[in-house]
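In: Predicted model follows, preceded by the sequence.
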Amino acid sequence: MKAVLVGVGQAGGKLADHLVTFDHERGYGSVLDAIAINTAQSDLQPLALDTVLIGQDRVKGHGVGGDNELGAEIMEADLQEVQQKIGNRITTQAESIILTVGLGGGTGSGGAPVLARRLAEIYEIPIYVLAILPSTEESNLAQVNAGRSLKTIIDTVDATLLIDNDAWKTTGESLTEGYKEINQQIAKRIGLLLAAGEPAKGVAESVVDSSEVINTLRTGGMAAIGYNEVAAAESTEENINTILTATRSALLSGLSLTGETTAESALLVITGDPDRISRKGVEKSRRWLEDETGSMQVRGGDFPTDSDQIGALVLLGGIQSSDRIEGFFARAQEAAAAPTEMEADEDKLFQNDDLDDL
Ligand code: GDP
């Protein structure tokens, strides 16, 4: 699936950068273009992307701290310029626009909903958001920012793919140390998903095309992604179990949202050497995924790679329930009720900021 990436805020910019690198290194060509938007000059500098510095008149390139209301105001004020810079990149080849953002901060948390709303008004192609949920170890402010931002984003765009910063953290690792690793993991999963929707170079028996990705996400709301790879055996027959193991781990321990999750739709993409991929294994795994997610719409296909590993990529669309999301909104609501942490004033730029409704 050909995508144009728009990174908003520090984490958003870094993610877009990692995705571009992954796509270029593998030569997939799924990322058509990418741009990073921020209020902080120092966060834009290290990125190998075109950038737009917004709010110079208000914050002079120094960022908004954790103030997502200021982030929203600045995006609103500079929307015309941002929209034009993005517009120059949306060619007829583009099949989607993906906004990348960390929800717990100020610029991305406040700016992404405003920008997403404008893009959704303008473009017919789907607008997706790749949104990072703050770790439970982060501040109350991060939880509140994320709760408010997420609610508005979900109602605005075609689908919101959630990445939980706690999901792929290695035990004992501090969050900052872990960010690079997490960013690479995200880039690999999203990069493979986009590439799987491209015309196949090898001979896949059952290729996935971009419409399968779009249809899986058509249910709207929240989505998640999981991946796992296992060393492939030589014979196709032996790989029935390899594929099943990779699929189970992708969902049960490799998903971007921790905890139990049920979904309306799912897509299973098996990656690896096409000669070793067992059709029976793929079919068994697809049925297992149907049972496990409670979804009646599980699509499937292969993505050929030159690897000794067999990988299973699972995309869940229309997430119906999730322990982590419920816990996260409860924490955001609790934190919003603590007045010393932050001003929880209503802001007209947020359409659905009443956390009581969640
Ligand atoms: P902003 O620039 O004001 O939008 O804020 P940041 O992007 O710096 O931070 C927003 C949130 O993103 C934080 O609360 C973290 O949860 C998360 N975050 C920050 N940097 C990274 C990163 O490099 N990787 C990941 N996965 N998350 C990050």
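Out: Happy to help now that I have it.
In: CA only for contacts and neighbour counts going forward, please
Out: OK.
In: So which elements touch the longest helix belonging to the chain?
Out: Assignment by DSSP state H gives helix 175-196 as the longest helix of the chain. On a contact count with 3 or more Cα pairs under 8 Å, 6 or more residues apart in numbering; DSSP states H and E, helix 175-196 meets helix 9-26, helix 210-217, strand 222-231.
In: for the second one, which positions count as buried?
Out: Using 16 or more other Cα atoms under 10 Å as the burial criterion, the residues of helix 210-217 that qualify are Ser210, Glu212, Val213, Ile214, Asn215, Thr216, Leu217.
In: how about that helix as CSV, C-alpha atoms only?
Out: Once non-C-alpha atoms are left out, helix 210-217 reads as follows in CSV (Å, rounded to 0.1, in the frame of the first residue of the first chain):
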residue,chain,number,x,y,z
SER,A,210,-3.7,-3.0,-0.6
SER,A,211,-7.5,-3.5,-0.7
GLU,A,212,-7.2,-6.3,1.9
VAL,A,213,-5.4,-3.9,4.3
ILE,A,214,-7.9,-1.2,3.6
ASN,A,215,-10.9,-3.6,4.0
THR,A,216,-9.5,-4.9,7.3
LEU,A,217,-9.3,-1.4,8.6
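In: just checking, what packs against that helix?
Out: Partner elements for helix 210-217 (3+ Cα pairs under 8 Å, 6+ apart): helix 175-196, strand 261-272, strand 309-322.
In: Contact partners for the residue nearest to Arg117 when sequence neighbours are not counted?
Out: Nearest non-adjacent residue to Arg117, counting by Cα to Cα, 6 or more residues apart in numbering: Thr156, 5.8 Å away. Taking Cα atoms under 8 Å, 6 or more residues apart in numbering, we find Thr156 in contact with Pro113, Ala116, Arg117, Ala120.
In: Pull the residues that contact whichever strand or helix holds the second one.
Out: For Ala116, the host element (DSSP states H and E) is helix 107-122. The set of residues that contact helix 107-122 without belonging to it, under Cα under 8 Å, 6+ apart, is 8-10, 12, 38-39, 63-64, 66-76, 79, 83, 99, 101-103, 126-127, 145-146, 149, 152-153, 156-157, 349-350.
In: buried subset of the residues you listed?
Out: For the contacts of helix 107-122, buried by 16+ other Cα under 10 Å: 8-10, 12, 38-39, 63-64, 66-76, 79, 99, 101-103, 126-127, 145-146, 149, 152-153, 156-157, 349-350.
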